[in-house]
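Peer 1: build me a model:
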Amino acid sequence: MPRPRAFDERHVLERAREQFWTTGYAGTRMDDIARVTGLGKGSLYGAFGDKSGLFHRVFGDWCTAVIAVAEEHLAGGPDEEAFNRLSAYVHLMAENTAADIEHRGCLLAKGVAELTQHDPTVAGRSAETMTALLTLLRREITAAQRHGDIDSAADPEGLAAMLLTVVRGMEAVGKAGLPPETLRGIAETALAGLPTPEGR
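Peer 2: Numbers count the residues shown, from 1 in each chain. Prediction:
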C-alpha cells in the first residue's frame with residue numbers, strides 16, 4: 001500500500017508556478033523547483049513525473065483559473081446588463097495588467113510563446129482556453145445585441161475575437177512597459193469601438 005504524501009501538493013504547485021513564471025520553462029531546472037519547494041528531486045519526480053509533467057500541471061491549473069475569472073465576470077444574466085459585464089471584464093484585464101509592476105506577464109502567454117510550437121499539451125490546453133474565452137465573450141455580445149446596446153447586424157464572433165485580442169494584447173504591451181493610463185485607454189477605445197445601432 002503506497003504511503004500518503006507528506007507534503008501539501010497545492011503549496012508545491014504554487015511554488016513551482018512562481019519559479020516557472022519567473023524564469024520560464026527552459027530557464028527552470030528541477031534543482032530550482034526542489035529549492036523553492038523544499039522537496040527532494042526524488043519526491044518531485046515521484047509525484048509529478050519529469051519537469052514537463054510538472055509544468056503541464058502548473059500550466060493547466062493556470063488556464064483553469066483564467067477561464068474561472070472570465071466566467072465570474074461574464075457569467076450571463078439579464079441582457080440589459082450584458083454590456084456592463086463586458087465593460088467590467090475588459091477594464092479588469094487592463095487593471096490586472098497595470099498592477100503587474102514586475103512585468104512578468106501572464107503565464108499562459110509565456111507558456112504559449114515558449115512551448116506551443118513543440119509541446120502538443122501546451123498547444124492544446126492554450127487553444128481550449130482561448131476557445132472558452134471566445135465563447136464567453138460571444139455570449140455577452142449576443143446578449144448586448146438582443147438588448148440593443150450593440151448593433152444586431154454585427155458579427156458576434158468577430159467582435160468576440162477582437163475583444164479577446166485586445167485583452168490578451170494588453171498583457172503583451174503592458175509587459176513591455178506601457179503605463180497604466182495607456183492600458184486603460186486601450187480598454188476604453190476597444191469598448192467605444194463596438195458598433196451601436198443607428199440613432200444611439
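
Peer 1: buried set for the biggest helix by length in the chain?
Peer 2: Ranked by number of residues, the top helix in the chain under DSSP state H is helix 120-147. Judged by neighbour count (16 or more other C-beta atoms under 10 Å), helix 120-147 contains these buried residues: 122, 125-126, 129-130, 132-133, 136-145. For the C-beta atoms, the positions are set from N, CA and C on the backbone; glycine is no exception.

Peer 1: I'd like to know which elements that helix is packed against.
Peer 2: Helix 120-147 is packed against helix 51-73, helix 82-98, helix 107-115, helix 156-175, with contacts defined by 3 or more C-beta pairs under 8 Å, 6 or more residues apart in numbering; DSSP states H and E.

Peer 1: how about CSV for the ones you listed, with mean pLDDT, distance to residue 35 and mean neighbour count added?
Peer 2: Written out in CSV, the entries for these read as follows (pLDDT from 0 to 100; distance: least, C-beta to C-beta, whole Å; neighbours: other C-beta atoms under 10 Å):
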stretch, mean pLDDT, distance to residue 35, mean neighbour count
helix 51-73, 95, 14, 17
helix 82-98, 95, 29, 20
helix 107-115, 92, 20, 19
helix 156-175, 94, 26, 18
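
Peer 1: residue 187 versus the residue positioned nearest the centre of the chain, what's the distance?
Peer 2: Here the mean C-alpha position of the chain is nearest to the C-alpha of residue 66 (C-alpha atoms, centre = their mean), at a distance of 4.0 Å. Summarising the geometry, the distance separating residue 66 from residue 187, computed by C-beta to C-beta, to the nearest Å, is 17 Å.

Peer 1: also residue 54?
Peer 2: 35 Å.

Peer 1: and the longest helix of the chain, average pLDDT?
Peer 2: Rounded to a whole number, the mean pLDDT of helix 120-147 is 97.

Peer 1: could you do stretch 34-45 as well?
Peer 2: The model assigns stretch 34-45 a mean pLDDT of 89.

Peer 1: got phi/psi on residue 194?
Peer 2: Note on residue 194: backbone dihedrals following degrees, to the nearest 10 are phi -60, psi 130.

Peer 1: ok, it touching residue 159?
Peer 2: Yes - in this structure residue 194 lies within contact range of residue 159 using C-beta atoms under 8 Å: 6.4 Å.

Peer 1: residue contacts, the residue nearest to residue 26 when sequence neighbours are not counted?
Peer 2: Once its chain neighbours are removed from consideration, residue 26 has its nearest residue in residue 114; the separation is 6.7 Å (C-beta to C-beta, 6 or more residues apart in numbering). For residue 114, the contact set (C-beta atoms under 8 Å, 6 or more residues apart in numbering) comprises 24-26.

Peer 1: quick one: neighbours of residue 50, just the number.
Peer 2: By other C-beta atoms under 10 Å, the residues close to residue 50 number 11.

Peer 1: and the pLDDT for it?
Peer 2: For residue 50, the model assigns a pLDDT of 92.

Peer 1: what does residue 75 give?
Peer 2: The predicted local confidence for residue 75 is 84.
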